[in-house]
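Trainee: Kindly generate the corresponding structure for this input.
(chains A, B, C and D)
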Protein chains: 2
Amino acid sequence: MTKTANTAKAEVEPGTRARVVRAASLLMQRQGYAGTGIKQIAQEARATLGSVYHFFPGGKRELAVAAVQHGDEEFAEALRDALDAHDDPAEAIRALCATLADGLSDSGWTDGCPVTTTSLGTAALAPDIQTAAAEAFARWRGLVRDKLRTSGIAEADADELAHTVISTLEGAELASQVSRSKEPLEIAGRHLARLVALHR
Amino acid sequence: MTKTANTAKAEVEPGTRARVVRAASLLMQRQGYAGTGIKQIAQEARATLGSVYHFFPGGKRELAVAAVQHGDEEFAEALRDALDAHDDPAEAIRALCATLADGLSDSGWTDGCPVTTTSLGTAALAPDIQTAAAEAFARWRGLVRDKLRTSGIAEADADELAHTVISTLEGAELASQVSRSKEPLEIAGRHLARLVALHR
DNA sequence: ACGGTTCTAGAACGAACGCTCTATCCGATA
DNA sequence: TATCGGATAGAGCGTTCGTTCTAGAACCGT
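Mentor: As a prediction, this is how the structure comes out:
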């Protein structure tokens, strides 16, 4: 039994399964589910088709679910970091928007929200992908809600605000990506900060 | 020369080209660009492959651009109607969110923003699709900005608010679609209304 | 040293893809 | 009525898709 990430080497050189998931997440983030081929994923991950189907017997759909969950955890971590960086949630959210804008710009406007791009257009085709995406959204929203509540915002207000924070974050990242400009994200950051500050 | 929409019959029974564009827009809205086949579009539009390539010699990409522009005008019309329905822009936007939530729910959560789903994941592949999507966003934003300005909001504020209105609308529709719930859109409507009301 | 499990490797399959091509139909014009 | 360009029709092209399959490599406890 070869547990992943047990040896020191596994930390530096991720196992095949991890490489495949990362490649799938990255490629689907850029090209969507239907636009990304399994062979392309295998090539990008420096794995073979046999390895991919060994780790993901469910094929492309199972792989896509893992990719969405990977993107989920990735963004959740970034979100946690951003929220922990400032006591004031309004300022934390504003700074997060700036960070997102920088990342998007640095990627040449190609790397938007991994979960969104992967799951969009798969509703009828693969409900499990949609479910994974919904869970990601719910988790992110929970992180924001907890931060707002510990900052003294009433429970009902915090819950609704968290909804809009995630929605606006997502929409502004999309708008920035499409218009190839940091403006939507930066403006959204200022407006969200103002909206949050209203409830303290 | 058979000009479209000249005869009365053409009004009732749209020409082949119009049917193809509508089918392309609808299908790509649900399945994305890569997930939608030209043969599927032709079948849905009750047209043949020959007809499709007759009207769109540029192939799938040219067809996708037309589909995005169709979705652009479609939503622009809905946006105009919503903004005209109330003097108060805040109330107009709140009502629009409710309308969008209803439409999304009625479609079984499949028909989100046509422009977004079609253009996402085509950045590197087809810049012209991305351009058409950017133009759609800019047009919608212009409609909102004009409404805010004629309601007495300062030019700079109106411009920034319009950005966030479009971003949040887009993001909330996405969140509603993924979580299969009207909540994100309804909450976003209330928050946007409050944000707009702040600037009067 | 060995038997068994895990993982790697890639050839091969049927289906579907975008697109090209030729043939035919139809309505307006001469 | 003869003609001709716009529009329709679909067979067929080469390619790529997701998936399956068999064979070998690497590693394990005994």
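Trainee: Could I get the contacting residues of residue A:126?
Mentor: With contact taken as Cβ atoms under 8 Å, 6 or more residues apart in numbering or on different chains, residue A:126 is in contact with A:33, A:61, A:64. For every residue, glycine as well, the C-beta is placed using N, CA and C.
Trainee: let's go with 10 Å and repeat that
Mentor: Counting by Cβ atoms under 10 Å, 6 or more residues apart in numbering or on different chains, residue A:126 touches A:33, A:60-62, A:64-65, A:119, A:132.
Trainee: And for residue A:55?
Mentor: A:15-18, A:20-21, A:47, A:62-63, A:66.
Trainee: Could you measure from it over to residue A:114?
Mentor: For residue A:55, the distance to residue A:114 equals 19 Å [Cβ to Cβ, to the nearest Å].
Trainee: before we move on, back to that, which of the contacts of residue A:126 fall within helices?
Mentor: A:60-62, A:64-65, A:119, A:132 (DSSP state H).
Trainee: Show me which of the residues you listed is closest to chain B.
Mentor: For the ones in helices among the contacts of residue A:126, the closest approach to chain B (Cβ to the nearest Cβ) belongs to residue A:119, at 6.5 Å.
Trainee: Nearest residue to the closest one in space, please, no chain neighbours.
Mentor: residue A:133 (3.7 Å; Cβ to Cβ, 6 or more residues apart in numbering or on different chains).
Trainee: Tell me where chain A is predicted with low confidence.
Mentor: A:1-12 (pLDDT under 70).
Trainee: Where does it get nearest to DNA strand C, residue-wise?
Mentor: In chain A, the residue that lies nearest DNA strand C is residue A:50 (2.1 Å; Cβ to the nearest atom of the strand).
Trainee: secondary structure class for that residue?
Mentor: Recorded secondary structure, residue A:50: helix (DSSP: H, G, I helix; E, B strand; the rest coil).
Trainee: next one: residue A:164
Mentor: Following three-state DSSP, the label given to residue A:164 is helix.
Trainee: OK, contacts around it?
Mentor: Going by Cβ under 10 Å, 6+ apart, residue A:164 touches A:141, A:144, A:191-192, A:195-196, B:168, B:171-172, B:175, B:184, B:187-192, B:194-195.
Trainee: neighbours around the residue of chain A closest to DNA strand C, how many?
Mentor: 9 (other Cβ atoms under 10 Å in any protein chain shown).
Trainee: for it, what are its contacts?
Mentor: Counted by Cβ under 10 Å, 6+ apart, residue A:50 has contacts residue A:42.
Trainee: Enumerate every residue touching the residue nearest to residue A:121 when sequence neighbours are not counted.
Mentor: Closest residue to residue A:121 apart from its sequence neighbours, by Cβ to Cβ, 6+ apart: residue B:32 at 3.2 Å. When contacts are counted by Cβ under 10 Å, 6+ apart, residue B:32 touches A:31-35, A:117, A:120-122, A:125, B:116-122.
Trainee: Now do residue A:120 against DNA strand D, distance only.
Mentor: 16 Å (Cβ to the nearest atom of the strand, to the nearest Å).
Trainee: Please enumerate the helices of chain A.
Mentor: For chain A, the helices defined by DSSP H occupy A:8-12, A:16-31, A:38-44, A:49-55, A:59-85, A:89-106, A:114-119, A:127-150, A:155-179, A:183-197.
Trainee: which ones are touching the closest residue to residue A:82 other than its chain neighbours?
Mentor: Using Cβ to Cβ, 6+ apart and skipping the chain neighbours, the partner closest in space to residue A:82 is residue A:96 (3.9 Å). Under the criterion of Cβ under 10 Å, 6+ apart, the neighbours of residue A:96 are A:78-79, A:81-83, A:85-86, A:144, A:165, A:169, A:185, A:189, A:192.
Trainee: Can you report how many residues lie near the residue nearest to residue A:179 when sequence neighbours are not counted?
Mentor: Excluding its sequence neighbours, the residue lying closest to residue A:179 (Cβ to Cβ, 6+ apart) is residue B:134, at 4.9 Å. Neighbourhood size, residue B:134 [other Cβ under 10 Å]: 19.
Trainee: list the contacts for residue B:134?
Mentor: A:175, A:177-181, B:68, B:115, B:119.
Trainee: if we can go back for a sec, want to throw the contacts of residue A:96 into JSON lines with neighbour count?
Mentor: Below are the contacts of residue A:96 laid out as JSON lines (neighbours: other Cβ atoms under 10 Å in any protein chain shown):
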{"residue": "A:78", "neighbour count": "15"}
{"residue": "A:79", "neighbour count": "22"}
{"residue": "A:81", "neighbour count": "12"}
{"residue": "A:82", "neighbour count": "21"}
{"residue": "A:83", "neighbour count": "20"}
{"residue": "A:85", "neighbour count": "12"}
{"residue": "A:86", "neighbour count": "15"}
{"residue": "A:144", "neighbour count": "27"}
{"residue": "A:165", "neighbour count": "28"}
{"residue": "A:169", "neighbour count": "27"}
{"residue": "A:185", "neighbour count": "29"}
{"residue": "A:189", "neighbour count": "26"}
{"residue": "A:192", "neighbour count": "27"}
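Trainee: what's the closest of these to chain B?
Mentor: Among the contacts of residue A:96, and counting by Cβ to the nearest Cβ, the member closest to chain B is residue A:169, at 6.8 Å.
Trainee: That's all I had, so thanks and see you.
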